[in-house]
Every structure is written in C-alpha cells, then in structure tokens.
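1. Below is the structure, and that's it, no one-letter string:
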C-alpha cells in the first residue's frame, strides 16, 4: 500500500501531482497511467517517475543557487 507524505502547504499537492504527470509523460508512461491508473504501475515504473522528479528538483535548486 502506498504511503503519501503530507506536504507543508496544501497548494503544493496539486503542483506535485502535475509535475508527476509531466514526468510520467516524458518517460512514455502517460498512456498506461490513463488506461490503468497509478495502482497498476510496477514498482520500477513508479521508482523511475519518483527518481526523475527528484533529479529535476535538485537541478532546479542547483540552477537557482548558481545565479
């Protein structure tokens, strides 16, 4: 069963969901998610989405700090 962490700001929930879907689209998983839902995704697929999200967030922070 999946655990969801509570975000500090409720508004961030929608932003993170959109971000998750954008990353899934980039990875070519959007059609499968639309047809079967997140519950049918493999652990590997979910890990790939989450890992890519983390990499992108780290890059955004590093780019921001480099200014």
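-> Now that the structure is in, tell me what you want to look at. Computed from a predicted structure; not experimentally measured.

2. Just the local confidence number for the residue most central in space within the chain, please.
-> The centroid of the chain falls nearest to residue 20 when counting by Cα atoms, centre = their mean (2.8 Å). Listed pLDDT for residue 20 reads 95.

3. Same question for the one 5 residues further on.
-> At residue 25 the predicted local confidence, pLDDT, stands at 97.

4. for residue 2, same thing?
-> At residue 2, the predicted lDDT confidence score is 61.

5. wait, residue 23 sits on residue 53?
-> Yes: Residue 23 sits in contact with residue 53 when judged by Cβ atoms under 8 Å, with a separation of 5.3 Å. In short, each C-beta sits where N, CA and C put it, glycine included.

6. Disregarding flanking residues, what is the spatial nearest neighbour of residue 26?
-> Setting aside the residues directly before and after it, residue 26 is nearest to residue 52 in space (Cβ to Cβ, 6 or more residues apart in numbering), at 7.4 Å.

7. check contacts around the one you found.
-> Counting by Cβ atoms under 8 Å, 6 or more residues apart in numbering, residue 52 touches 23, 26-27.
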